[in-house]
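**Student:** Provided below for reference: sequence and predicted model.
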Amino acid sequence: MRPFTYTRARSAHEAVTAFATSTADRPHYLSGGTALIDLMKLSVETPGRIIDLTDVPDLDFVREEDGDLIVGALTRMSDVANHPLVGARCPALVESLRSGASQQLRNMARVGGNLLQRTRCGYFRSVEFPCNKRQPGSGCSALGGLNRGHAILGGSDHCIAVYPSDWAVALTAFDASVAVVGPNGTRSVSIHDLIVPPGDTPDRETTLAPGELITAIRVPTSPAARSSTYRKVGDRSSYAFALASAAVGLHLDAAGAVGEVRIALGGLGTVPWRAWDAERALVGARLDDASVRAALEPEFRSARTTAQNAFRVGLGVETVVEAVAIAKESAS
Ligand code: SF4
């Protein structure tokens, strides 16, 4: 681990000012620390200054505002998962949080930092391998290497790393947004615009400007959110990243046809993948497994697979089919 200076911020404003005025290379905010400290030990992250947010008050809460669910960015994953308001409003959010990491990690990690966690690509985490995300222009070791768990959706010739957060997939299904504060003031960013695919610049992972800090997450009211679920398939049933996952919400009309459906895919893409085409195809339909499979077909037309990971197209489809069946049960 490299030397760094440390600042404990007492407010979001103090944290942003500390970042903006830092003379050290690569200043970095610290919340739960469950991802950053790991990467510092591996010399993947080498911040010259740590700005600790854990004493910042007023960013640890769950509440309702104008009918929307609002979660403070420094709320622990486990506290959000256990909050009755979240479970009543959107079970998929709770299930996504509980499917991530371990109980010990969920007791430490904060929901804002969770959105900004970096990929689990083994080449990214091993400094002896070329990696465009860690060192732009050095190459992508995964393209011709071990890529069973890499992205089949949204990749580029420069990076095929999977975006890892389960929580972000559920937030994507329900059109969440994040409140941000930074050197130039406050703004709101849709979750769809927050996390970006690698393209030619895989080192750029979000649309946050340097020094911007997520302060809260807003999830709008949605009838489909109340009958929702998050399904995840991995090599183990716990403490493993997704090979495929799906957040699904469903609202049926009085005749039993689909009034509203939300589908987001995880573990398959370089970003949380909203299945817009499938949703459009299913509105008004009477749901069965065959109609869901047919609706998903266009989503995977753009999939770029290898011999190692082609099986995850079918896995992704069947994960959604299972999630839709569970949501339907709840919506009926
Ligand atoms: Fe690096 Fe992305 Fe390639 Fe992994 S997939 S080695 S993160 S460039």
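**Tutor:** Looks like it came in fine. Numbers count the residues shown, from 1 in each chain.

**Student:** residue contacts, the residue of the chain most remote from its centre?
**Tutor:** In terms of distance from the mean C-alpha position of the chain, residue 255 ranks first, at 34.5 Å (Cα atoms, centre = their mean). Under the criterion of Cβ atoms under 8 Å, 6 or more residues apart in numbering, residue 255 has no neighbours. Where you see a C-beta, it was placed from the backbone N, CA and C, and this is true even at glycine.

**Student:** quick check: pLDDT value at it.
**Tutor:** pLDDT recorded at residue 255 is 94.

**Student:** please report how far the residue nearest in space to the middle of the chain lies from residue 206.
**Tutor:** For the chain, the residue nearest the mean C-alpha position is residue 168 (2.8 Å; Cα atoms, centre = their mean). Computed as Cβ to Cβ, to the nearest Å, the residue 168 to residue 206 distance reads 11 Å.

**Student:** anything in contact with each of the two?
**Tutor:** Shared contacts of residue 168 and residue 206 (Cβ under 8 Å, 6+ apart): residue 195.

**Student:** mind giving me the packing neighbours of the biggest strand by length in the chain?
**Tutor:** The residue-count maximum for a strand in the chain (DSSP state E) belongs to strand 242-252. In terms of contacts (3 or more Cβ pairs under 8 Å, 6 or more residues apart in numbering; DSSP states H and E), strand 242-252 is packed against helix 91-98, helix 166-173, helix 223-226, strand 228-234, strand 258-266, helix 311-331.

**Student:** out of these, which one sits most buried?
**Tutor:** Among the helices and strands packed on strand 242-252, helix 166-173 has the highest mean neighbour count (mean count of other Cβ atoms under 10 Å), at a mean of 30.

**Student:** listing partners with orientation, what would you give for the next helix or strand after that helix?
**Tutor:** Downstream of helix 166-173, the next assigned helix or strand under DSSP states H and E is strand 177-182. Strand 177-182 pairs in its sheet with strand 185-190 (antiparallel), strand 213-219 (antiparallel), by DSSP bridges.

**Student:** avg pLDDT for strand 177-182?
**Tutor:** Rounded mean pLDDT across strand 177-182 is 98.

**Student:** let me know whether residue 252 touches residue 283 as I believe.
**Tutor:** No - using Cβ atoms under 8 Å, residue 252 is not in contact with residue 283; the gap is 11.1 Å.

**Student:** model confidence for the closest residue to residue 229 other than its chain neighbours, exactly?
**Tutor:** Nearest residue to residue 229, sequence neighbours excluded (Cβ to Cβ, 6 or more residues apart in numbering): residue 326, at 4.5 Å. Per-residue pLDDT puts residue 326 at 97.
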